[in-house]
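Novice: Quick one, fold the following:
(2 chains)
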Number of protein chains: 2
Amino acid sequence: MPQTPHIEKHFTSGAVVRDVVIGMADGLTVPFALAAGLSGATVSSGIIVTAGLAEIVAGSIAMGLGGYLAGRSDAEHYDSEYKREIYEIEHLLDHEKDEVIEILETYGLTRAESMPIVESLATRPTDFADFMMRFELGLEKPEPKRALKSGATIGGAYIVGGLVPLMPYILMAEANASLKWSVAITVVALFVFGYVKGQFTGARALKSAVQTCLIGSLAAAAAFFIARLISA
Amino acid sequence: MPQTPHIEKHFTSGAVVRDVVIGMADGLTVPFALAAGLSGATVSSGIIVTAGLAEIVAGSIAMGLGGYLAGRSDAEHYDSEYKREIYEIEHLLDHEKDEVIEILETYGLTRAESMPIVESLATRPTDFADFMMRFELGLEKPEPKRALKSGATIGGAYIVGGLVPLMPYILMAEANASLKWSVAITVVALFVFGYVKGQFTGARALKSAVQTCLIGSLAAAAAFFIARLISA
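Specialist: Numbers count the residues shown, from 1 in each chain, chains lettered A, B, ... in the order given. The predicted model follows:
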């Protein structure tokens, strides 16, 4: 029998890629836009670096811890729904059996066709509950340690992404020249990031690259003009 | 037959609440921490407001557009996997039938018990594909317009959240006094936000409130000390 590699690929790379994408998309964009904005307000390079690093620290902690807690809360949500299913199977078995039949009816399956499965599940509460978690609620049992990995991946990706646009401001004294370099390397970084992201997520890579550049540029341009407007 | 309100509740409120949480958690935290950080670097109130508003604009665009594209890519991913399932059902029907049997075996169901369902699905390719999307891949058909709503909700929540910590800096001239007010109102806002979030997501509300405050405070303290270190 042939293997089904797309399932495994979908599931294992999915979560990590998604976390890197979440962290790096914002990391490349927001510190970039903030630095551009402050350049628009003709603030000194030193303050831009201070603000940029403060933003990276704040953003990576907020997003990383946020991701960690979201992962934890997914796990808790799964557990609480699981207990509920077990309770319902123990106390409202006929109702749960009807639920399975109704769900399977949406796929055009008749009561008679579903009956063997339903009767079999009804004899094994934990299998029944697992089945309902997937089929009724569409919930996946979260991988243990997922929350911790997710938080660290998001936070780390944010830091890596955020240091790219800030590098010219750190290395050069003059904010205007730094801005030009920052725009240049960040647009390239956004393009490469969007391209790779597209390949991982199965989207058209070039389209993804252009979209990612557009978000970054739009955010930076908006921040630039808002900052210039305020400081004028 | 009794209704099953927890399903509907889970599914409809889930996506919007999650989007508000994503946007507001970062909106309350990052501009707060950035402003606190810049106060630590003894920067003028005017520059803090400029940086803060630039950050809010950049963050809401980055997160809003990011959420929009993530929603779009979920929809595209669903479509491409769906086409793949249809292709496999048309060209590798026996393999797909074996897959269903194997999946159902993980719930303790025998080949004989699963057979009526499998044979019935095999006569209706689209029902079969829908079944596989849910059961094999765990994918939910994305609601139309989900991407747009998601992006707007995340971006809007970021702006609302971000304006809270910035308000004292906008209203008061002196950065040090503003910092104290900003900390005070933001900690209260984080607490209320965490509490309400906890009630919506089914977590313990008080625990959620404390966690949310901790993330914000940690991010702000880290940004404050980093900024003070650099500017010293």
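Novice: Show me what the lengthiest helix in chain A is packed against.
Specialist: The longest helix of chain A (DSSP state H) is helix A:45-91. With contacts defined as 3 or more Cβ pairs under 8 Å, 6 or more residues apart in numbering or on different chains; DSSP states H and E, the secondary structure elements packing on helix A:45-91 are helix A:5-40, helix A:93-105, helix A:125-135, helix A:146-171, helix A:175-201, helix B:5-40, helix B:45-91, helix B:205-231. In this view, the C-beta of every residue, glycine as well, is placed from N, C-alpha and C.
Novice: A:Ile56 is nearest to which of those?
Specialist: helix A:146-171 (3.8 Å; Cβ to Cβ).
Novice: Can you list the buried residues in the closest one?
Specialist: Neighbour-count burial for helix A:146-171, counted by 16 or more other Cβ atoms under 10 Å in any protein chain shown, picks out A:146-147, A:149-151, A:153-169.
Novice: same question, stretch A:124-131
Specialist: Of the residues in stretch A:124-131, those buried (16+ other Cβ under 10 Å) are A:Asp127, A:Phe128, A:Ala129, A:Asp130, A:Phe131.
Novice: Mind putting the residues you listed into JSON lines with distance to A:Gly138 and pLDDT?
Specialist: As requested, these are arranged in JSON lines below (distance: Cβ to Cβ, whole Å; pLDDT from 0 to 100):
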{"residue": "A:Asp127", "distance to A:Gly138": "18", "pLDDT": "91"}
{"residue": "A:Phe128", "distance to A:Gly138": "16", "pLDDT": "90"}
{"residue": "A:Ala129", "distance to A:Gly138": "14", "pLDDT": "92"}
{"residue": "A:Asp130", "distance to A:Gly138": "13", "pLDDT": "91"}
{"residue": "A:Phe131", "distance to A:Gly138": "12", "pLDDT": "89"}
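Novice: any weak-confidence spans in chain A?
Specialist: Across chain A, the ranges flagged by pLDDT under 70 are A:1-13, A:202, A:232.
Novice: hang on, the earlier thing: okay, the helices and strands packed on helix A:45-91 in JSON lines with distance to A:Leu214 next?
Specialist: Converted to JSON lines, the helices and strands packed on helix A:45-91 look like this (distance: least, Cβ to Cβ, whole Å):
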{"stretch": "helix A:5-40", "distance to A:Leu214": "11"}
{"stretch": "helix A:93-105", "distance to A:Leu214": "41"}
{"stretch": "helix A:125-135", "distance to A:Leu214": "37"}
{"stretch": "helix A:146-171", "distance to A:Leu214": "16"}
{"stretch": "helix A:175-201", "distance to A:Leu214": "9"}
{"stretch": "helix B:5-40", "distance to A:Leu214": "20"}
{"stretch": "helix B:45-91", "distance to A:Leu214": "8"}
{"stretch": "helix B:205-231", "distance to A:Leu214": "28"}
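Novice: And those: which comes nearest A:Arg111?
Specialist: Sorting these by Cβ to Cβ, the top spot, which is the nearest, belongs to helix A:93-105 at 5.5 Å.
Novice: leaving aside the residues next to it on the chain, what's closest to A:Gly23?
Specialist: A:Ala157 (3.0 Å; Cβ to Cβ, 6 or more residues apart in numbering or on different chains).
Novice: ok, that neighbour - contacts?
Specialist: A:Ala157 sits next to A:Asp19, A:Val20, A:Val21, A:Ile22, A:Gly23, A:Met24, A:Gly27 when contact means Cβ atoms under 8 Å, 6 or more residues apart in numbering or on different chains.
Novice: so how far is stretch A:144-162 off the chain centroid?
Specialist: 10 Å (Cα atoms, centre = their mean, to the nearest Å).
Novice: And for stretch A:164-172?
Specialist: Relative to its parent chain, stretch A:164-172 has a centroid offset of 27 Å by Cα atoms, centre = their mean.
Novice: so what's the residue nearest to A:Gly198 when sequence neighbours are not counted up against?
Specialist: The shortest distance from A:Gly198 to any residue other than its chain neighbours is 2.9 Å, reached at A:Ser208 (Cβ to Cβ, 6+ apart). If a contact means Cβ under 8 Å, 6+ apart, then A:Ser208 has A:Gly194, A:Tyr195, A:Lys197, A:Gly198, A:Thr201 as its contacts.
Novice: now A:Thr153: how far from chain B?
Specialist: Using Cβ to the nearest Cβ, to the nearest Å, A:Thr153 is found at 16 Å from chain B.
Novice: no, scratch that, I was asking about A:Ala173
Specialist: With distances defined as Cβ to the nearest Cβ, the gap from A:Ala173 to chain B amounts to 15 Å.
Novice: How about the secondary structure of that residue?
Specialist: Put simply, A:Ala173 is coil when judged by DSSP: H, G, I helix; E, B strand; the rest coil.
Novice: Surely it touches A:Ser45?
Specialist: Yes - counting by Cβ atoms under 8 Å, A:Ala173 sits close enough to A:Ser45 to count as a contact (5.9 Å).
Novice: Show me which of these two is the more surrounded one.
Specialist: More neighbours sit around A:Ser45 than around the other of A:Ala173 and A:Ser45, counting by other Cβ atoms under 10 Å in any protein chain shown; the figures are 22 against 10.
Novice: before we move on, what SS does A:Pro144 have?
Specialist: Assigned with three-state DSSP, A:Pro144 falls in the coil class.
Novice: how about it, phi and psi?
Specialist: As for A:Pro144, its main-chain torsions (degrees, to the nearest 10) stand at phi -60, psi 150.
Novice: residue at max distance from the center of chain A?
Specialist: A:Ala112 (42.0 Å; Cα atoms, centre = their mean).
Novice: so that one touches A:Glu119, yeah?
Specialist: No - between A:Ala112 and A:Glu119 there is no contact under Cβ under 8 Å: 11.6 Å.
Novice: still on that earlier bit, name the helix or strand for the residue farthest from the centre of chain A, please.
Specialist: Taking DSSP states H and E as the definition, one finds A:Ala112 inside helix A:111-122.
Novice: That helix vs chain B: in contact?
Specialist: Yes - Helix A:111-122 lies within reach of chain B by Cβ under 8 Å from any Cβ of the partner chain, at A:Ala112, A:Glu113, A:Ser114, A:Met115, A:Pro116, A:Ile117, A:Ser120, A:Leu121.
Novice: Would you mind getting the angle between that helix and helix A:45-91?
Specialist: 100 degrees (axes from the mean of the first three to the mean of the last three Cα atoms, to 10 degrees).
Novice: okay, the angle between helix A:111-122 and helix B:93-105?
Specialist: Angle of helix A:111-122 versus helix B:93-105, following the same axes, to 10 degrees, is 40 degrees.
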